[in-house]
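Engineer: sequence plus predicted model, see below.
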Amino acid sequence: MDLILWRHAEAAEAAPGMDDLSRVLTGRGERQAREMAHWLDRHLPRDTRVLVSPAVRTRQTVQDLRRKVVSSDALAPKRDVRSLLEVAGWAEATAPVLVVGHQPTLGLALAHLVGGVPLNRLADTTPWRLRKGGFWWLRCERDAHDRPGVLVVAVRSPDLP
C-alpha cells in the first residue's frame, strides 16, 4: 500500500474568537497547494483515495487536486496517529491513500512508520517536521517472511524547485 502524508499549506492565524477549523489558506498557501496538487495529479494512481481533515485549510489544500475527496474527523487537528492509520487502512489498503492533515500528528506518524517509534511511545517523542504544503510518500512492502517494511518513495516541499 502507498500512503501519502500531505500537510496542509500555509494558513492564516486564527482571528480572535475564530474556531481553529475555520482557518483559511494565505495567498502563499494557495500557491503552495496548487503547485503540489499539480505534481500529485501527474503522479498519483487513478484509484488513490483522498482523505482530509474537516478543517477548511485542508479542504482548500486539495481543491486543485482533480480527485474525489472524503472528509474524516479521524484526521482533525490533535487526533492521534492510531486514528490516522486506521482511517487510512495502513498497511492493508488495496489502493493508495492520500491523507491531508496537520502537525504534530503527521510528524508523529512519520516517527512511527519511518523511524520505528512504537505507537505506545509516541507521547514521549518529538514529531518529525513536515513543511507546510509538503508531503511524504511512503510504501508498505512485505519481505520474504511477510513482515511489513516502509519504503520512502518521495518527499516534496513547495519551497524547493
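Structural biologist: The structure has been received and is ready for your questions. Numbers count the residues shown, from 1 in each chain.

Engineer: count the neighbours of V152 for me.
Structural biologist: Number of residues near V152 (other Cβ atoms under 10 Å) recorded here: 12. Glycine gets a C-beta too; all of them are placed from N, C-alpha and C.

Engineer: what residues are up against it?
Structural biologist: 114, 136-138 (Cβ atoms under 8 Å, 6 or more residues apart in numbering).

Engineer: same thing but 10 Å
Structural biologist: 110, 113-114, 136-139 (Cβ atoms under 10 Å, 6 or more residues apart in numbering).

Engineer: of those residues, which is the nearest to G29?
Structural biologist: Comparing the contacts of V152 against G29 with Cβ to Cβ picks out W136 as the nearest, at 18.7 Å.

Engineer: partner residues bridging that closest one?
Structural biologist: Counting by DSSP bridges, W136 is bridged to L5, V155.

Engineer: surely it touches L98?
Structural biologist: No. Look at W136 against L98 with Cβ atoms under 10 Å: they stay out of range, at 11.1 Å.
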